[in-house]
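1. What follows is a predicted protein model with its sequence.
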Amino acid sequence: MERKQQQSEKAKPSGLLKPLALGKLTGRYLAHQEGLPCLPVPPLQQTLDRYLLALQPIISEEEWTHTKGLVDEFRKPGGVGERLQKGLERRARKTENWLSDWWLKTAYLDYRLPVVVHSSPGVVLPKQDFLDQQGQLRFAAKLIEGILDFKTMIDNETLPVEYLGGKPLCMNQYYQILSSCRIPGPKHDSVVNYTKGKKLPSHITVVHNFQFFELDVYSSDGSPLTTDQIFIQLEKIWNTSLQTNKEPIGILTTNHRNSWAKAYNNLIKDKTNKESVRSIEKSIFTVCLDSPIPRVSDDIYKSRVAAQMLHGGGSRWNSGNRWFDKTLQFIVAEDGSCGLVYEHAPAEGPPIVALLDHIVEYTKKPELVRSPMIPLPMPKKLRFNITPEIKHDIEKAKQNLNIMVQDLDIKVIVFHHFGKNFPKLERISPDAFIQMALQLAYYRMYGQVCATYESASLRMFRLGRTDTIRSASVDSLKFVEAMDNPSKQNLEKAELLRRATQAHRAYTDMAIKGNAIDRHLLGLKIQAIEDLVSMPELFMDTAYAVAMHFNLSTSQVPAKTDCVMCFGPVVPDGYGVCYNPMDDHINFAMSAYNSCAETNAARLAHYLEKALLDMRLLLQSTPKSKL
């Protein structure tokens, strides 16, 4: 789920997110990484042909003809396209991955909107039943122990290698998510990772009532603390942070990146503040002990929790109980709502969800032994000296955040009529089936299709991140146009649906093998900037802007746990849609902006449910295809 390329092909700091320092993780991890292929640069003519094809459903014929002229100019032998392609191929020969540094910058570090809503995804976990505040702290303690258990696998390099279609995947993202943090900068940000130093961090950050604490989670012999020990430490933190009148220093991290960079430099001029900030940045991860969210009816409860995970509910609720630049923040509220929010620069959704699956399983294990109680030192409270200027920055950040919170329209639904088992019975890819339902829902709402972004993993390649599956295709358009056309027979509609899902499956396969068009086009564009050649007209064309304006930004993030990831739209008039298909139901989270009169998350949810049911009915009423 990237978040932004979608409008302007994001960017961020120049790479403090380095491939692993050699020597630190020798052995299995490195041997595995070196065995992975490098990301290919697709053939130029192939990408240009596929680009023209991808434009067909989303622009007019005249625009398409105009763009075809620009493409033909760009692809001439000896022309600018060929020169840029050769530059990319040279870069690919010299680097571990020709795309990864550029993507990190463009998609994240140079991107200046707040990470909250615009970039950082949240995950809603199943609600816990806490009888009391002790239940909250005991669950948080068990969760912390589960994360440390996962960390041991990362540290010992015993994390099982993941496979896709029989091919091993790059495991680098797992090594980037702990003890790391984003740092704001005046023009672009950076990511620091403290697992590369000589002295590894041994503490986490815990935040309660806007107050931050450094909690050591390893005992003097290097073994992780047990649930019992962590629980006692969390109780100490809880009891020393009962006052709720503290300045919400964490709210500064919700601001526009340039404003936050200014406030950050001002904040760390003070020695105490600097030490506190460094402690948060270096910590292995953060745990946010939230106050309960306002009571709401069951049908909107999940949507409200999703908002809490994404932004904390605003300055009156839990937004100050965060440090949004921290890569991983686990959230456990008094009322049993829980989940996490993560800063997107170091990793995509799937590694985060794999970690979550591990933790959720771990929290269900019974306590084997009661650990002997050795007196533990009081966790260290992180102090901040608030000057009038910092107070002003906090107030400004509160105002901006509350506007953002008011503007985000988010709807979580559980589609309970069927799950991924139904499309599988029909020999259709569940992901393709859901994507076609989204195409149909959007078409019924707006009478047209739009550029649609679905993230595809490039982890088959060393340091691979993502490319784009373009779900709006010539075939999907034929299907959605036919679906409500009374002059078409059901048999024909069903064939068109199957064809559209097969086209989607084919594009997905092409994307995960490194042959999609979006990152290649981005690479050619950045190459032109780096070569200081004038920007080719192809990239100044309206059609390119339309193709990159993703009104539907979507991601499938499957999990074993019954959870759902959520994120904001990437354009002002768009939707963010994330889904987790379980066997017999599908969890969806969809978001839109209230400031856009044309979009409405609940309306999209309604049309999506109807589309899924209509497509099932269509397939059930027609004999299985020979396709």
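-> Nice, thanks for sending it over.
2. Give me the pLDDT value at the most far-flung residue of the chain relative to its centre.
-> When each C-alpha in the chain is compared with the mean C-alpha position (CA atoms, centre = their mean), S487 comes out farthest, at 42.2 Å. With respect to pLDDT, S487 has a value of 94.
3. what about it, which SS state?
-> Here S487 is recorded as coil under DSSP: H, G, I helix; E, B strand; the rest coil.
4. Run through who's touching stretch 169-177.
-> Residues outside stretch 169-177 that contact it (CB atoms under 8 Å, 6 or more residues apart in numbering): 17, 19-20, 25, 29, 32-33, 36, 154, 159, 161-163, 191, 193, 195, 327-328, 342, 346-348, 351-352, 354-355, 457, 459-464. No exception for glycine: its C-beta is placed from N, CA and C like everyone else's.
5. Dump it to PDB, restricted to CA.
-> Output of stretch 169-177 as PDB, limited to C-alpha atoms (Å, rounded to 0.1, in the frame of the first residue of the first chain):
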ATOM      1  CA  LEU A 169      11.100 -13.300  -1.500                       C
ATOM      2  CA  CYS A 170      13.400 -10.500  -0.400                       C
ATOM      3  CA  MET A 171      13.300 -10.300   3.400                       C
ATOM      4  CA  ASN A 172      15.000  -6.900   3.800                       C
ATOM      5  CA  GLN A 173      11.900  -5.100   5.000                       C
ATOM      6  CA  TYR A 174      11.800  -7.200   8.100                       C
ATOM      7  CA  TYR A 175      15.200  -5.900   9.000                       C
ATOM      8  CA  GLN A 176      14.100  -2.200   8.600                       C
ATOM      9  CA  ILE A 177      11.000  -2.000  10.800                       C
END
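6. which SSE is R459 in?
-> Per DSSP states H and E, R459 falls between elements, in no helix or strand.
7. Can you give me the pLDDT of the nearest residue to it once chain neighbours are set aside?
-> Spatial nearest neighbour of R459, excluding adjacent residues (CB to CB, 6 or more residues apart in numbering): L169 at 4.0 Å. Here, the pLDDT recorded for L169 equals 92.
8. Then the one 3 residues further on?
-> We have a pLDDT of 91 for N172.
9. Now do the residue farthest from the centre of the chain against E481, distance only.
-> With distances taken as CB to CB, to the nearest Å, S487 is found 11 Å from E481.
10. again, but for L52
-> Applying CB to CB to L52 and E481 gives a distance of 20 Å.
11. for Q527, same thing?
-> 38 Å.
12. more neighbours, the two?
-> Neighbours were counted for Q527 and for E481 using other CB atoms under 10 Å; Q527 has more, 20 against 14.
13. From what I see, that one and K86 are in contact.
-> No. With contacts counted by CB atoms under 8 Å, Q527 stays clear of K86, the gap being 9.3 Å.
14. sec struct for D409, please.
-> Three-state call for D409 (three-state DSSP): strand.
15. Which pLDDT value belongs to it?
-> 95.
16. Please shift the residue numbers so they start at 615 in all later answers.
-> Will do, 615 is the new start, and the previous item becomes D1023.
17. What residues are bridge-paired with it?
-> Note on D1023: beta-bridge partners by DSSP bridges are A1206.
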